[in-house]
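**Q** Okay, predicted coordinates and the sequence, questions at the end:
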Amino acid sequence: MAFVKILAVFAVGAAVLGGAPAFAADLVPEPAKAEAPRHSFEQAKALVEEGIAHIKAVGPDKAFADFNAPAGKWIRGELYLFAFDKKGVYRATGYRPERTGQNAWEMTDAAGLKVVQEIVKKAKRDGTATVDYLWKNPTTGKLENKTSYVVQVGDHVIGAGFYHK
């Protein structure tokens, strides 16, 4: 009879505590989830080169629409294509397609750099360039250092950037 009472107390206690008793193995915290892999300069450059080939194959308007497709092949985690015209108007931006058509000429990064002006100026002057700035990483939500590889393609600048650890 005493055994039945102990068993009943144990069952009530387990129910109150949410199930089975905890064991030492249950108390070990789960390992932290691995951070998404970071992209490299080479990957950003390769994406831009693929984008340029796509522009040449289908024309800028169709290519920019493709670059903006949220589920398209032009968005690879934190790596995505963007495009501006020579006046700084967004033609494409994979992570924020709603910006298409908006003038970003005066847009600054978190440190005050006029990013779009820098991108357009360097690409126009050199044909290809890199631009460093502080930008919100869309996969982490944090401000991070970013380097974008940009190329002048006709009347547009195409680019992609990677975030530094």
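**A** Structure received.

**Q** My guess is V157 contacts I119. True?
**A** Yes: in this structure V157 lies within contact range of I119 using CB atoms under 8 Å: 5.8 Å. Backbone N, C-alpha and C define where each C-beta goes, glycine included.

**Q** after the helix or strand bottoming out on mean pLDDT in the chain, next one along is what?
**A** Least confident helix or strand of the chain, by mean pLDDT, DSSP states H and E, is helix 24-27 with a mean of 38. Moving toward the C-terminus from helix 24-27, the next helix or strand (DSSP states H and E) is helix 41-58.

**Q** what touches both of V157 and I119?
**A** By CB atoms under 8 Å, 6 or more residues apart in numbering, V157 and I119 have these common neighbours: 84, 150.

**Q** Quick check, pLDDT for V89.
**A** Note for V89: predicted pLDDT of 98.

**Q** mind listing what's buried in the longest strand seen in the chain?
**A** Criterion DSSP state E: the longest strand present in the chain is strand 143-153. In terms of neighbour count (16 or more other CB atoms under 10 Å), strand 143-153 has its buried residues at 144-153.

**Q** for those, which one is nearest R125?
**A** Distance to R125, by CB to CB, is smallest for Q152 among these, at 8.8 Å.

**Q** low-scoring stretches of the protein, by residue?
**A** Applying pLDDT under 70 to the chain picks out residues 1-37.

**Q** Recalculate using a threshold of 80.
**A** Counting by pLDDT under 80, the chain contains low-confidence residues at 1-37, 165.

**Q** tell me, what residue is most central in it?
**A** Nearest to the geometric centre of the chain sits E78, at 2.4 Å (CA atoms, centre = their mean).

**Q** check contacts around that one.
**A** Counting by CB under 8 Å, 6+ apart, E78 touches 36, 38-39, 137-140, 162-163.

**Q** what secondary structure does the residue nearest to it when sequence neighbours are not counted sit in?
**A** Spatial nearest neighbour of E78, chain neighbours left out: T139 (4.5 Å); criterion: CB to CB, 6 or more residues apart in numbering. When classified by DSSP: H, G, I helix; E, B strand; the rest coil, T139 comes out as coil.

**Q** which one among the buried residues of strand 143-153 gets closest to A44?
**A** For those, the nearest to A44 is Y149 (4.8 Å; CB to CB).

**Q** wait, doesn't that closest one sit right on G127?
**A** No: using CB under 8 Å, Y149 is not in contact with G127; the gap is 11.9 Å.

**Q** same for the one helix or strand Y90 maps to, what does it pack against?
**A** Assigned by DSSP H and E, Y90 belongs to strand 90-93. Applying 3 or more CB pairs under 8 Å, 6 or more residues apart in numbering; DSSP states H and E, we find strand 90-93 packed against helix 60-68, strand 79-85.
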